[in-house]
Structure formats: structure tokens, C-alpha cells
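Asker: can't give you the sequence, but here's the structure:
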């Protein structure tokens, strides 16, 4: 309910309320005016909303037609009053139909606006003007400005000259590159860039992640950075580098220093938690450089050796080697559907949760009911009991690459593992006096399986309500949180969208999710320290990198196999 109230306070919320009341008012007074033969007034009143719709459409254009169509349809409803009728029944029917239709469109638009209440279109402006307005908008509406200590003056001073240059040269790719770099400064997975120009996006990827020197790199648990996904017959392979070869320097810079120096600006991926970005820095470094790079490595004889690797494309199956390496350590078995469950062996059960969403109506009703979702709890219980009937003694809950949804969907599962009512999430606002809680949701105790040994698998692709599930599961005594990396580290609520030139859209959270203590829930502050402690890190070793990065072998789920062995022991 709190979100609905916030939506109605936005500009478009006011417009939807005003339009609805206007249509209903016209529906009522048109009958009175017709009795007085003031048909001309009725005609004017019937056409005014269309004038508004034209002006509104001129501001937002086709890019937001999928969002604003209820308002545009509503603007045409009063046209029904241009058709005069003599019978009272026709006039009553006309009034009722117009009022009900307007109200239904209002409800649909309001509910749909919960996910995008604050929409701004700067796409018809210049690069420089749209950039300044984007920063102004984020400074006003982004809900974690003070928490993350965002310095907008610094962002403007650092990047505006490059925006000016991109505008002067009509350089779309440079403009897109600047936007990606600015958004990277927020370190928030909910603040992201979407480029709807596919050819521009591909060109950006080619020039920023497409430098391929014939291998990637990963840091092992022992601290060494080694080569992985080595391309046969490449410069590096011919020099003696193979999977597992220790890399000592990149372009004459000590390898750890070189990794620390790169910022991992990857489209569609943000790294709020610093340790997650540190984890992929070697992968990112492996695709940065010029036409060639000098690489120092430890050969099989234990001696230092150098090789010059030239950039190439290698014409292989993945778009870029970076993504192949990234998915090697940051993915789950993608063929499974949400809530799939089965036995992995005679003792270990498996439950896949890829999103916290079941049914939009039921999910929202549970939110209105303080997170209480008994129907879903019973669904989870039936899955677990079905596995127990097959001999399950312990369970793996796989929430890797979980894209989020509703926290109450996570709470419905966690309730089976606790016998105490616990705080789940609060919603509120921030002012000069700090953060304020307006309403809360809870995990309602059930406890049927509180003694069942459970491993919850996470990765940095587990975001939003997926982060919430990681936290709520991790707080249970019977659950072990496990993975190569921690989860993403975000839990605020989307809602802001800025449309920019070059078919660029920037999304950002506008509604606060708060902890019981009244501070932002889960999201990292300016320190970028993880707020969801992981219990067991799955090690990356010289023994398992072949399973993770082999160009020939079928993909093996190293994390899942490690979790099974952990539970068995």
C-alpha cells in the first residue's frame, strides 16, 4: 500500500488521478448539459483530454507507449458523449461504461507504475543537455545518494568534457561509453544502462570487451593468477602457456598491480560488493590492452618467460572470451525452470529458485498482508516433503543468477526453517532527520524443516529479492550459504527511468527497502563491504579449473558438486 501511495504522488500519478476524475465528471455532467441543449460545451469537454494526450505523447513519444497507453486510451473515452441519444437508458449506460472503463484503466496504470513511477524522456535533447538533466534527476530521485555518498559535482566535472567531445563529433559510441562509466561509479546493480540500439551495443562490446589475446585469467585460492581457456595455436599457447600456467606480469606491470588498476565496466553487470569485482578483475584484464600485450609467465620448468600476444578474434563459439570465462565461474544450470525440484542422488535433494515471483496478483496480496504467504509456504513444503519421501536427508537450494522479484516469495520458504517470527523488510523514506520506516513485512514461523541440513548456493548474479533470499536463508541456523562469490548486494526497489539520446535508457531505484534498524537493507554503502556473510567459499584450484573453463569438455557444475560433498561429510 505504501508503494501505491508513493506512485500517486508522482507527476504521472497526479495526471492519472486527474484524468480519471475528469472522465467520470464529464460522464456525469454531460447528461445535465445535454438537457440544457449545451451540446457545444459537451463537445469541447470531450475533446480536451485528446489535446492533453497529444501534448503528453509529444513529451514521451513512442519509447514509452507500452507504459502510458492506458492514459491515452482514457483520453478517447469522452468521445462517446459526442453521440447524442434520446433514450435515458442509453445515457445511463454511456455514463456507467465510461466511468467504469476509466476507473479500470486508472487501476491498471497505477499498479503498472509501481515498477516505473518516475519516467523522464530526454532522448530528443543534445548529449550535453541530457547528461546534465540525467545527473540532476538521479541527484533528486535515486534513493541511496547519501548512503553511497554519491558526488554529483565530481561526476559532472570528470565526464562532462567527454560528453561535449562526443556531441561535437556526433560519436554515439563514445557517449554510450561515458554513460557506462558514470553508472559504474554508483556500484549498484539496480542502476544500469540499457542500449536499445543493437548495432551500437555490439560495437561497444567489440571495442571494450572484444580484445582477445588467446586466453583468460582467474585467481586461484592460493593467490596465484593463472591462464584459463587458452586458445590452441595462439601466440600464448605456442609459447608454452596452457590452462593453469601462472601469469606474473601484464604489459610489464606486476600482475596483481595490473588487476587492481582495472575497473570492470561490464554492460548489464554491476559489482556493489568490492570483493566480487576483485574476483573478476583478472578476467577483465585479459581483454584490455592494445594491438598486442607483453606477458610474463612461469613456464613448466619454473623459469620466467615472456611472450608478445597479438589481438585476434579466433572465430569461436562465444561472442567474446571474457563472457565465456565469466560464465564459467558465475552461472548455474540454466536449463532448470523456477521451482524445479528433484533428487541429485539417493540422499541429496535439489530446489531451483531463479526468481521470487509466482503469481503477480497473489504476490502483491501477500505484500499487502505484511508478507504472509501461507499458500506459497505450503507449495514449498509439498516440494520438500516429496523429496523426503524419496529418501532426501539434506537439501540444496540453488539461487544463483536469481533475478529477484518479491521478498515475500523468499520469506514463504524461509518460514519453513524457523519457528520464530522475524523481521524481513521495511519500506520507508529519508529526510534531513534520517531514515523513517512506514510499513514492514515479516517471516512468519512454520518451522517444519528447521532441522533439515540445507546449503544455499549463491553468486554475484543473485540480485535484488535474490539477495534478500540469500540473507534470509543465511540467517537460519540450518542453512549454509555457499558459492565462489557472495551475492550481488542490492535490495532497493526499481522505479526510475531516464531515456537518453542514442537509444540509451538508465534505470535506478527510487523506493527504500530498510532493515529493522532503519538503514538500507543489504545494499553496500560507500565502503562496498558485503552485508550478507557467506559461510563457505567454494575454492578455485588448479585441479578444478579444467572443469570450469575447458573449451572442449561439457560444463560441470563445480559449486553444486562441492555442495553435495560438503553435505555428505
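Answerer: Perfect, thanks for sending it. Computed from a prediction, not measured in an experiment: that's the story for all the values here.
Asker: Now do residue 276, the pLDDT please.
Answerer: pLDDT for residue 276: 95.
Asker: thought it was touching residue 461?
Answerer: No: the criterion here is C-beta atoms under 8 Å, and residue 276 misses it with residue 461 at 9.8 Å. C-beta: built from backbone N, CA, C; applies to glycine.
Asker: Could you check which of these two has the larger neighbour count?
Answerer: Higher neighbour count among residue 276 and residue 461: residue 276, with 26 against 22, using other C-beta atoms under 10 Å.
Asker: Would you mind identifying the next helix or strand past the helix or strand hosting the more buried one?
Answerer: Using DSSP states H and E, residue 276 falls within helix 274-285. Downstream of helix 274-285, the next assigned helix or strand under DSSP H and E is strand 292-298.
Asker: Now that next one: buried residues?
Answerer: Under the neighbour-count criterion of 16 or more other C-beta atoms under 10 Å, strand 292-298 has 293, 295-298 buried.
Asker: coming back round to it: what is the orientation angle of the helix holding residue 276 with strand 292-298?
Answerer: Calculated by axes from the mean of the first three to the mean of the last three C-alpha atoms, to 10 degrees, helix 274-285 forms an angle of 110 degrees with strand 292-298.
Asker: From here on, call the first residue 49.
Answerer: Sure thing, new numbering starts at 49, so read that last one as helix 322-333.
Asker: For the stretch 449-598 of the chain, just list every one of the helices.
Answerer: 455-462, 513-522, 593-597 (DSSP state H, counting those that start in this stretch).
Asker: just checking, what packs against whatever helix or strand comes next after the last one?
Answerer: Which is helix 593-597. Next in sequence after helix 593-597, counting helices and strands by DSSP H and E, comes helix 606-616. If you count contacts as 3 or more C-beta pairs under 8 Å, 6 or more residues apart in numbering; DSSP states H and E, helix 606-616 packs onto strand 396-400, strand 442-446, strand 502-505, strand 527-531.
Asker: Please name whichever of those is nearest to residue 230.
Answerer: Among the helices and strands packed on helix 606-616, strand 527-531 comes nearest to residue 230, with 29.7 Å by C-beta to C-beta.
Asker: Please give the centre-to-centre distance between that closest one and its chain.
Answerer: 22 Å (C-alpha atoms, centre = their mean, to the nearest Å).
Asker: swap in stretch 420-436?
Answerer: On the basis of C-alpha atoms, centre = their mean, stretch 420-436 sits 27 Å off its chain's mean C-alpha point.
Asker: ok, now stretch 118-128?
Answerer: Its chain's C-alpha centre and that of stretch 118-128 lie 34 Å apart, by C-alpha atoms, centre = their mean.
Asker: now do stretch 327-347
Answerer: Centre-to-centre, stretch 327-347 and its host chain are 29 Å apart (C-alpha atoms, centre = their mean).
Asker: What's the end-to-end length of it?
Answerer: 24 Å (C-alpha to C-alpha, to the nearest Å).
Asker: what's the model's confidence in it, averaged?
Answerer: pLDDT averaged over stretch 327-347 gives 93.
Asker: Over to stretch 582-590?
Answerer: 96.
Asker: related to what we said a few turns ago, pick the most buried one from the helices of the stretch 449-598 of the chain.
Answerer: helix 455-462 (a mean of 29; mean count of other C-beta atoms under 10 Å).
Asker: Output the contacting helices and strands for that helix.
Answerer: Right, helix 455-462 is packed against helix 408-416, helix 422-437, strand 470-479, strand 482-491, helix 513-522 by 3+ C-beta pairs under 8 Å, 6+ apart.
Asker: Now mean pLDDT and distance to residue 399 too, for the ones you listed, in CSV please.
Answerer: Converted to CSV, the helices and strands packed on helix 455-462 look like this (pLDDT from 0 to 100; distance: least, C-beta to C-beta, whole Å):
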stretch, mean pLDDT, distance to residue 399
helix 408-416, 87, 19
helix 422-437, 97, 6
strand 470-479, 94, 20
strand 482-491, 94, 18
helix 513-522, 96, 11
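Asker: Out of those, which one sits most buried?
Answerer: helix 513-522 (a mean of 27).
Asker: Spell out which helix or strand contains residue 167, please.
Answerer: With DSSP H and E as the criterion, the answer for residue 167 is strand 166-169.
Asker: tell me which residues in that strand are buried?
Answerer: Taking 16+ other C-beta under 10 Å as the criterion, strand 166-169 shows 166-169 as buried.
Asker: helices or strands next to it in the packing?
Answerer: The helices and strands touching strand 166-169, judged by 3+ C-beta pairs under 8 Å, 6+ apart, are helix 87-108, helix 175-189, strand 541-548.
Asker: and of the ones you listed, who's closest to residue 399?
Answerer: Nearest of these (C-beta to C-beta): strand 541-548, 25.9 Å.
Asker: how about the strands of the stretch 99-248 of the chain, start to end?
Answerer: Ranges of strands within the stretch 99-248 of the chain are 166-169, 240-243, based on DSSP state E, counting those that start in this stretch.
Asker: Could you give me the buried positions within the last one?
Answerer: By neighbour count on 16+ other C-beta under 10 Å, the buried set for strand 240-243 is 240-241, 243.
Asker: doesn't residue 296 fall inside a strand?
Answerer: Yes: counting by DSSP: H, G, I helix; E, B strand; the rest coil, residue 296 is found in a strand.
Asker: would CSV of the helices and strands packed on strand 166-169 with mean pLDDT be doable?
Answerer: Shown next, in CSV, are the helices and strands packed on strand 166-169 (pLDDT from 0 to 100):
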stretch, mean pLDDT
helix 87-108, 80
helix 175-189, 97
strand 541-548, 90
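Asker: Of those, which stretch is the most buried?
Answerer: Mean neighbour counts for the helices and strands packed on strand 166-169 (mean count of other C-beta under 10 Å) peak at strand 541-548, with a mean of 22.
Asker: following the helix or strand bottoming out on mean pLDDT in the chain, which helix or strand shows up next?
Answerer: Here the helix or strand of the chain ranked lowest by mean pLDDT, DSSP states H and E is helix 50-56, holding a mean of 63. Downstream of helix 50-56, the next assigned helix or strand under DSSP H and E is helix 59-83.
Asker: Which secondary structure elements does that next one sit against?
Answerer: So helix 59-83, by 3+ C-beta pairs under 8 Å, 6+ apart, packs with helix 50-56, helix 87-108, helix 113-124, helix 136-160.
Asker: Columns distance to residue 233 on top of the ones you listed, output as a markdown table?
Answerer: Formatted as a markdown table, the helices and strands packed on helix 59-83 follow (distance: least, C-beta to C-beta, whole Å):
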| stretch | distance to residue 233 |
| --- | --- |
| helix 50-56 | 26 |
| helix 87-108 | 28 |
| helix 113-124 | 28 |
| helix 136-160 | 30 |
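Asker: among those, which is nearest residue 579?
Answerer: helix 50-56 (23.0 Å).
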